[in-house]
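**Q** After the sequence you'll find the predicted model.
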Amino acid sequence: MYVSLQSRRPWLLRNIIPAPCGGPPASICARRGRGAMRGTATDLPEALPSPSPPSSSSHFSPGRHYYVAVDRLQFKMETLVDLLGVAGRRPSLPMVICCSSRDELDAVCASVSNLSFISLSSLYSDLAECERALVLEKFRHSTVEWSQINNAHPGDDLDGNVADKSCMIVVTDVCLPLVASGEAPLLARILINYELPTKKETYLRRMSTCLAADGIVINMVVGGEVVALKGLEESNGLVIAEMPINISEIL
């Protein structure tokens, strides 16, 4: 049984933030805790405006892109762990977390390694080629298992063939799969942009190299990054919606 983030962390709240000049409101998920801001919701930086309709040129599903926002940077990692505590308990679920820097990759790995229900690997620049190949092969095996689970018919016995943990790769942008060189895309069910890319091309490359056709993108943003998120939304012709409090609604 899957619970919502809010039931795990009561201070993970939704706030309706008025848009400037009386425009339409936009929802933002803001974390409150010890040391969190004590003002009203309007104390946050400018909210993400209501998403625009996707352009006809976009080949990504407009309904599969979400964001979760925290009001302070120090709550970002804890929110990620809470998110994985709900989503990551599905056996063989293939997930990818994208970071912009090695320092952030190391920080994410240090936190996620404490979650016993996730099988964790990482891709970084000084990883040996043979080790990289093993990480990619292990992850692709999990995508096959996940497909078997979702395509199984009632009465099918998969217990002996399916891993009891979800499978995760944490990767920096410079180490994404090299599709042009023959590496296959990762085909993750969930792609988490722990660090929001600053360029449209990076956002698209993360999706094309990491995400399955029916996959879900979750963008983690801090306060003022909602402006950058809106820019990515418009330039890529996407609709990036607020992530539901009950994550199981989108899995």
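**A** That came through, no problem.

**Q** give me the element Ala241 is part of.
**A** strand 240-242 (DSSP states H and E).

**Q** those helices in the chain, which residues are they?
**A** All helices of the chain, identified by DSSP state H, fall at 5-8, 76-87, 102-112, 129-151, 200-210, 226-236.

**Q** Only the buried residues of the fourth one, if you could.
**A** Judged by neighbour count using 16 or more other Cβ atoms under 10 Å, the buried positions of helix 129-151 are Arg132, Leu136, Phe139, Arg140, Ser142, Thr143, Glu145, Trp146, Ile149. In this view, the C-beta of every residue, glycine as well, is placed from N, C-alpha and C.

**Q** how big is the angle separating it from helix 200-210?
**A** 70 degrees (axes from the mean of the first three to the mean of the last three Cα atoms, to 10 degrees).

**Q** Equivalent analysis for the third one, please.
**A** Counting by the same axes, to 10 degrees, helix 102-112 points 40 degrees away from the direction of helix 200-210.

**Q** so how far is helix 102-112 off the chain centroid?
**A** Using Cα atoms, centre = their mean, to the nearest Å, the distance from the centre of helix 102-112 to the centre of the chain it belongs to is 15 Å.

**Q** just the fourth one next, same as before
**A** Relative to the chain's own centre, helix 129-151 is displaced by 18 Å; criterion: Cα atoms, centre = their mean.

**Q** pull the CA atoms of that helix into PDB?
**A** Extracted in PDB, the C-alpha atoms of helix 129-151 (Å, rounded to 0.1, in the frame of the first residue of the first chain):
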ATOM      1  CA  GLU A 129      34.500   1.100 -19.100                       C
ATOM      2  CA  CYS A 130      33.800  -2.500 -18.000                       C
ATOM      3  CA  GLU A 131      32.100  -1.200 -14.800                       C
ATOM      4  CA  ARG A 132      30.000   1.200 -16.800                       C
ATOM      5  CA  ALA A 133      28.900  -1.700 -19.100                       C
ATOM      6  CA  LEU A 134      27.900  -3.800 -16.000                       C
ATOM      7  CA  VAL A 135      25.900  -0.900 -14.500                       C
ATOM      8  CA  LEU A 136      24.000  -0.400 -17.800                       C
ATOM      9  CA  GLU A 137      23.300  -4.100 -18.300                       C
ATOM     10  CA  LYS A 138      22.000  -4.400 -14.700                       C
ATOM     11  CA  PHE A 139      19.700  -1.500 -15.200                       C
ATOM     12  CA  ARG A 140      18.400  -2.800 -18.600                       C
ATOM     13  CA  HIS A 141      17.700  -6.100 -16.900                       C
ATOM     14  CA  SER A 142      15.500  -4.300 -14.400                       C
ATOM     15  CA  THR A 143      13.600  -2.700 -17.200                       C
ATOM     16  CA  VAL A 144      12.800  -6.100 -18.600                       C
ATOM     17  CA  GLU A 145      11.600  -7.300 -15.200                       C
ATOM     18  CA  TRP A 146       9.500  -4.200 -14.800                       C
ATOM     19  CA  SER A 147       7.900  -4.900 -18.100                       C
ATOM     20  CA  GLN A 148       7.200  -8.500 -17.200                       C
ATOM     21  CA  ILE A 149       5.500  -7.400 -14.000                       C
ATOM     22  CA  ASN A 150       3.300  -4.900 -15.700                       C
ATOM     23  CA  ASN A 151       2.400  -7.200 -18.600                       C
END
